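Chemist: Got a predicted model here, sequence first, then my questions.
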Amino acid sequence: MSDIVTIESLAVSAAEFAKLLQVSGRHLWALNAQALVPHPIRFGRSVRWSLNEVREWIRAGVPPRGEW
């Protein structure tokens, strides 16, 4: 038996989030500035988005941040 555990990321970077949305990183930051995506999480200077929240947001039909 193998002791290898697959770990899913709890948070994704801007590049990973943009890839999920199939948009450029620049467009993702524009969407964020317009409050059209969920709030990012900041760890010091690092910016991430909760993968669970991103998935739920997509299932909900990608509502603007104010409605989310």
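Modeler: Right, received. Where do you want to start? Residues are numbered from 1 along each chain as shown.
Chemist: ok, the closest residue to residue 13 other than its chain neighbours - contacts?
Modeler: Leaving out its chain neighbours, the residue that sits closest to residue 13 by CB to CB, 6 or more residues apart in numbering is residue 48, at 6.1 Å. All C-beta spots, glycine's among them, are computed from the backbone N, C-alpha and C. Neighbouring residues of residue 48 by CB atoms under 8 Å, 6 or more residues apart in numbering: 11-13, 40-42.
Chemist: Also residue 12?
Modeler: Residue 12 touches 20, 48-49, 51, 54, counting by CB under 8 Å, 6+ apart.
Chemist: cool, and residue 18?
Modeler: 24-25, 27-28.
Chemist: how does it look with 6 Å?
Modeler: With contacts defined as CB atoms under 6 Å, 6 or more residues apart in numbering, residue 18 is in contact with 25, 28.
Chemist: Mind telling me what element it is part of?
Modeler: Per DSSP states H and E, residue 18 falls inside helix 14-21.
Chemist: Bridging across strands, which residues link to the residue nearest to residue 13?
Modeler: Applying DSSP bridges to residue 48 gives these bridge partners: residue 13, residue 41.
Chemist: so how far is residue 30 from the most centrally placed residue in the chain?
Modeler: Central residue check for the chain by CA atoms, centre = their mean: the C-alpha nearest the mean position is that of residue 49, 3.8 Å away. Note on residue 49: its distance to residue 30, by CB to CB, to the nearest Å, is 15 Å.
Chemist: picking that back up, was I right about the residue nearest to the centre of the chain contacting residue 40?
Modeler: Yes. The pair residue 49 / residue 40 is scored as a contact, 5.3 Å apart, by CB atoms under 6 Å.
Chemist: Burial check on the closest residue to residue 29 other than its chain neighbours, number of neighbours?
Modeler: Excluding its sequence neighbours, the residue lying closest to residue 29 (CB to CB, 6+ apart) is residue 14, at 7.0 Å. Counted with other CB atoms under 10 Å, residues neighbouring residue 14 total 17.
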